[in-house]
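> Sharing a model that was predicted from the sequence below.
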Amino acid sequence: MHRPGFEPGSQAWQACILTIRLSVLNYLIIFTSIYINYKRLRNIMVKIVSFGLGGILIKEDNGWDMIRKKYKIPNLWESYMDGVLTRNEAKVGEYIIWKLQGVTKKGLQMDLKNFRPMKGAKQTVAALKKKRITPVIISDNPEFLVKAVAKKLGIRYMTYNKIIFDKKGYAYDTKPTHPSKNKRVSKLKALEDFAKKKKISLKECAVIGNGLSDTTIFKKSGLSIAFNATDIEIKKKADKSLYSNDLSDVLKFFK
């Protein structure tokens, strides 16, 4: 039964419908405002931005391939990934070839300074610092390369693989700054370490990466950006995806 005077089409009925519509509209406005403010707050809360190295801060893929290319050294790491060699066989084998090809500590210190910075890299780091955001490098590249990039861009915190040399200056092992179980750099340990140093949570960290190993910290960080990633799975696991030859394009995510 309808209440008297409240039949469909009556003034009371129309007033009720109008009230409901206005209420829904108000709720939409409120939720939209909350969402926009949340997005802004999320960007404001970012205190650390972690950068990968190859294809992000520099144009080269990685320092190990820079060495292989210069000295014409086969990539035994690919043989390990294909299951042809064990990890130790690949590592020891490459260092033997390094020695045969005359790769020395002094030579590497010079060779790994010859990297090509990504366009906009210095501008990006400077802009983040201006916003009081700390830039860090999380990479398992050779120490000489990472330190050279960090020095050029003005980055204080970084990870790398320290190459161990014998008395004659020939490499025979590596020691990562934040070792994982497979004796590579643990990117999660590194991010946790840097966050602890700055007394912040992982959700206040943003990660810019392009490799599968970056996805381990994508899900732990507050904001993840796949930059020049070619693997579709990496793009899917990142909050944002961007392909550009200018790193400063990522700054739009930190307004």
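Happy to help now that I have it. Numbering: from 1, shown residues only.

> Next one: the residue nearest to residue 137 when sequence neighbours are not counted from residue 194, what distance?
Excluding its sequence neighbours, the residue lying closest to residue 137 (CB to CB, 6 or more residues apart in numbering) is residue 158, at 4.0 Å. Any C-beta I mention is one placed from the backbone N, CA and C, and that applies to glycine too. Distance of residue 158 to residue 194, given as CB to CB, to the nearest Å: 9 Å.

> between those two, what contacts are shared?
136, 138 (CB atoms under 8 Å, 6 or more residues apart in numbering).

> Relative to residue 142, how far out is the residue nearest to residue 137?
From residue 158 to residue 142 the distance is 12 Å (CB to CB).

> now swap in residue 234 and tell me
On the measure of CB to CB, residue 234 and residue 142 end up 23 Å apart.

> Kindly report the same for residue 63.
Distance from residue 63 to residue 142, by CB to CB: 4 Å.

> ok, the two, which is more surrounded?
Between residue 63 and residue 142, residue 63 has the larger neighbour count (other CB atoms under 10 Å), namely 28 against 23.

> Pretty sure the more buried one sits against residue 145.
Yes. Here residue 63 reaches residue 145: they are 3.8 Å apart, a contact under CB atoms under 8 Å.

> that older thread, now list whatever residues contact both of residue 63 and residue 142.
residue 112.

> Excluding chain neighbours, what is closest to residue 183?
residue 176 (6.6 Å).

> Return the backbone torsion pair for that neighbour.
Dihedral pair for residue 176: phi -70, psi 150, per degrees, to the nearest 10.

> For it, name its beta-bridge partners.
Assessed by DSSP bridges, residue 176 has beta-bridge partners residue 161.

> so where is the protein shaky, pLDDT-wise?
Along the chain, segments meeting pLDDT under 70 span 1-18, 20-44.

> where exactly do the helices run in it?
Assigned by DSSP state H, the chain shows helices spanning 11-45, 63-71, 76-81, 87-100, 105-111, 121-130, 143-153, 187-198, 215-218, 232-237.

> Which one of these lies nearest to residue 171?
Judged by CB to CB, the one of these that comes nearest to residue 171 is helix 87-100, at 5.3 Å.

> then that closest one to PDB, C-alphas only?
Extracted C-alpha coordinates of helix 87-100, given in PDB (Å, rounded to 0.1, in the frame of the first residue of the first chain):
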ATOM      1  CA  ARG A  87      76.400 -21.300 -11.200                       C
ATOM      2  CA  ASN A  88      79.900 -21.900  -9.800                       C
ATOM      3  CA  GLU A  89      81.100 -23.200 -13.100                       C
ATOM      4  CA  ALA A  90      79.800 -20.200 -14.900                       C
ATOM      5  CA  LYS A  91      81.300 -17.700 -12.500                       C
ATOM      6  CA  VAL A  92      84.700 -19.400 -12.200                       C
ATOM      7  CA  GLY A  93      84.800 -20.000 -16.000                       C
ATOM      8  CA  GLU A  94      84.200 -16.300 -16.800                       C
ATOM      9  CA  TYR A  95      86.900 -15.200 -14.400                       C
ATOM     10  CA  ILE A  96      89.400 -17.600 -16.000                       C
ATOM     11  CA  ILE A  97      88.500 -16.100 -19.400                       C
ATOM     12  CA  TRP A  98      88.800 -12.600 -17.900                       C
ATOM     13  CA  LYS A  99      92.400 -13.400 -16.900                       C
ATOM     14  CA  LEU A 100      93.200 -14.900 -20.300                       C
END
